[in-house]
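Asks: next input, structure requested:
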Amino acid sequence: NKQLLELKRECDGCQILNSVSHVYIKLLSLMTKLEEFIEDCKDEAIRKEVLEFYFGIRNFIYIHDRQDENYLIYSELSEEGKFYLHLFCVNPAGCLQEYMGKANSTILFSATFLPINYYKKLLSTTKEDYAIYAESPFEPGKRLLLLGNDVSTKYTRRGPEMYRKYAEYVMHVIKGRTGNYIVFFPSYRFLEKVWEVFMELPQEQIEVVVQSQYMTEQEREEFLKKFEQERAHSLIGFCVMGGVFSEGIDLTEDKLIGAMIIGTGLPQVCLERELLKYYFDRKNLNGFDYAYLYPGMNKVLQSAGRVIRTDQDRGVITLLDDRFMDRQCQEVFPREWNDFQICNSENIEEKIAKAEEEIRQLQNRKRKLLNQKKDAERKARTHRLIERGAILESLLEKPEQYSNEQIKGLLEIAFQTAQAQEHLRKIKEENGEN
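Replies: Alright, predicted model coming up:
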């Protein structure tokens, strides 16, 4: 306790430490004393409390034994006056490699492993490990990607005017096509501000559902069921990026036709994020990207991925923040996103309407080609039947005297002969059939 009090006196909010081996040695001694106490203790309530404390110490010792250059040791003095001693694993690659090394091979799969070098740094310690980029199987023409360049979620620009602009953006997108949409916000506070303004806008038959901060399992299910129901008007869900509705849900076909992503998903500045930034800066990597940009863009990609789930889906994805225009953000975009279009609040409806018209024309062309193909196949079959009917009649004397059933019976007998079967086998070989 004296050693912890000494560390507390030296801590001014946060202090990075080189070692806490002196505390570790004392904890080993304490564990022995606690084991003796737990064995002799007859009071179940006290024993349970001490046992919980014992396992906490054992966990600290276990991590201390494993820590290496991928850890940061730091002390923290909270605003409430509580003192903490942390063993912070900032790069889990080493720990993961210990377990993955026990297997013959390990395959990690995700649609949001971008940028790949970031994930290789955090998931692998071996340079020989390689990555494969699997191209999306979905048609780009069924997905419209828009970048709004006249709005921002930066704290310096937040206010009633910006909240109203975002609310109007949402309304513009919905007007483009009736259906189900989800808007993803960077925080519950931002969500509430835009929702309040949106509900004041003139609207015709738009149903709105809002994700709350402490939803029960039943409330979550009821929220998703709204998107399963058929309706003649639009439904819009107000949700938070990184939450339960931004990943792991499948709303296929017309159950979800659009996602509006407000902000770049950057985590709030906090002690843990700043320590991550500090660690990777010291490794000559871009600490800001590792601590803020990449985790934020991962949430963006997860949210955008809710729209196109099958090859039958089509929809619109709007990225609403001028920071998406920055090179750092666009470098994290999937390759399939290179067809994005820049928009603003004045022309977004026009761009959506144009895309809808292009999709309708494409679908009409496909239907026309499909019908032409079916017509050609039908004509070819008719021609084939006429030719082969003529061949059969040429082999018969007075073919008009035979009924269809008699012709069928004659052919069945002829095909059952060994000579016919052998001839058929040779024909198949010539045609490359099995």
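Asks: for the strand or helix carrying Leu369, the averaged confidence score.
Replies: In the assignment (DSSP states H and E), Leu369 maps to helix 348-394. Averaging pLDDT along helix 348-394 gives 85.
Asks: just checking, what packs against the following helix or strand past it?
Replies: Note on helix 348-394: by DSSP H and E, the next helix or strand toward the C-terminus is helix 404-415. Packing partners of helix 404-415 (3 or more C-beta pairs under 8 Å, 6 or more residues apart in numbering; DSSP states H and E): helix 418-430. All C-beta spots, glycine's among them, are computed from the backbone N, C-alpha and C.
Asks: tell me how far whichever strand or helix holds Ile236 lies from the chain's centre.
Replies: For Ile236, the host element (DSSP H and E) is strand 234-240. The chain centroid and the centroid of strand 234-240 are separated by 18 Å under C-alpha atoms, centre = their mean, to the nearest Å.
Asks: ok so Leu30 is a strand residue?
Replies: No. Counting by DSSP: H, G, I helix; E, B strand; the rest coil, Leu30 is not part of a strand but helix.
Asks: contact partners for the nearest residue to it once chain neighbours are set aside?
Replies: The shortest distance from Leu30 to any non-neighbouring residue, by C-beta to C-beta, 6 or more residues apart in numbering, is to Ile57 (6.5 Å). Residues in contact with Ile57 (C-beta atoms under 8 Å, 6 or more residues apart in numbering) are Leu27, Leu30, Met31, Leu34.
Asks: and which of the residues you listed is nearest Ala232?
Replies: Distance to Ala232 across these (C-beta to C-beta) is lowest for Leu27, with 66.0 Å.
Asks: give me the distance between the closest one and Cys89.
Replies: From Leu27 across to Cys89, the span is 19 Å (C-beta to C-beta, to the nearest Å).
Asks: in stretch 190-206, which residues are buried?
Replies: Across stretch 190-206, burial judged by 16 or more other C-beta atoms under 10 Å covers Phe190, Leu191, Lys193, Val194, Trp195, Val197, Phe198, Ile206.
Asks: out of the contacts of Ile57, which comes closest to Glu272?
Replies: Leu27 (23.3 Å).
Asks: is it true that the closest one touches Phe60?
Replies: Yes. Assessed by C-beta atoms under 8 Å, Leu27 is found in contact with Phe60 at 6.6 Å.
Asks: helix/strand/coil for the residue nearest to Leu30?
Replies: Under three-state DSSP, the three-state class of Ile57 is helix.
Asks: that one and Leu34, how far apart?
Replies: Between Ile57 and Leu34 the computed distance is 7 Å (C-beta to C-beta).
Asks: please apply the same query to Tyr278.
Replies: Counting by C-beta to C-beta - Tyr278 and Leu34 are separated by 35 Å.
Asks: more neighbours: which of these two?
Replies: Ranked by neighbour count (other C-beta atoms under 10 Å), Tyr278 and Leu34 place Leu34 first, with 19 against 15.
Asks: what's the span of stretch 117-132 from first residue to last?
Replies: One end of stretch 117-132 sits 12 Å from the other (C-alpha to C-alpha, to the nearest Å).
Asks: try stretch 306-322
Replies: Start-to-end span of stretch 306-322 (C-alpha to C-alpha) is 22 Å.
Asks: report the buried residues of it.
Replies: 306-309, 313-322.
Asks: return the member of those residues nearest to Ile38.
Replies: Arg306 (49.6 Å).
Asks: in a strand, that closest one, correct?
Replies: No. Applying three-state DSSP, one finds Arg306 to be coil, outside a strand.
Asks: enumerate every residue touching it.
Replies: Applying C-beta under 8 Å, 6+ apart to Arg306 gives the contacts Ile182, Phe245, Ser246, Glu247, Ile249, Leu251, Leu256, Ala259.
Asks: most widely separated two among the residues you listed?
Replies: Glu247 and Leu256 (13.4 Å).
Asks: more crowded one of these two?
Replies: Neighbour count, other C-beta under 10 Å: between Glu247 and Leu256, Leu256 has more, with 23 against 16.
Asks: and the gap between that one and Ile317?
Replies: From Leu256 over to Ile317 (counting by C-beta to C-beta), the distance is 11 Å.
Asks: okay, and the common contacts of these two?
Replies: Listed as contacting both Leu256 and Ile317 by C-beta under 8 Å, 6+ apart are Val307.
Asks: any stretches of the stretch 1-150 of the chain with poor pLDDT?
Replies: Nowhere does the stretch 1-150 of the chain drop to pLDDT under 70.
Asks: please enumerate the strands of it.
Replies: Assigned by DSSP state E, counting those that start in this stretch, the strands in the stretch 1-150 of the chain fall at 14-17, 71-77, 83-89, 143-148.
Asks: for those strands, give me a markdown table that also has distance to Leu5 and mean neighbour count.
Replies: Formatted as a markdown table, the strands of the stretch 1-150 of the chain follow (distance: least, C-beta to C-beta, whole Å; neighbours: other C-beta atoms under 10 Å):
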| stretch | distance to Leu5 | mean neighbour count |
| --- | --- | --- |
| strand 14-17 | 14 | 14 |
| strand 71-77 | 11 | 19 |
| strand 83-89 | 8 | 16 |
| strand 143-148 | 54 | 22 |
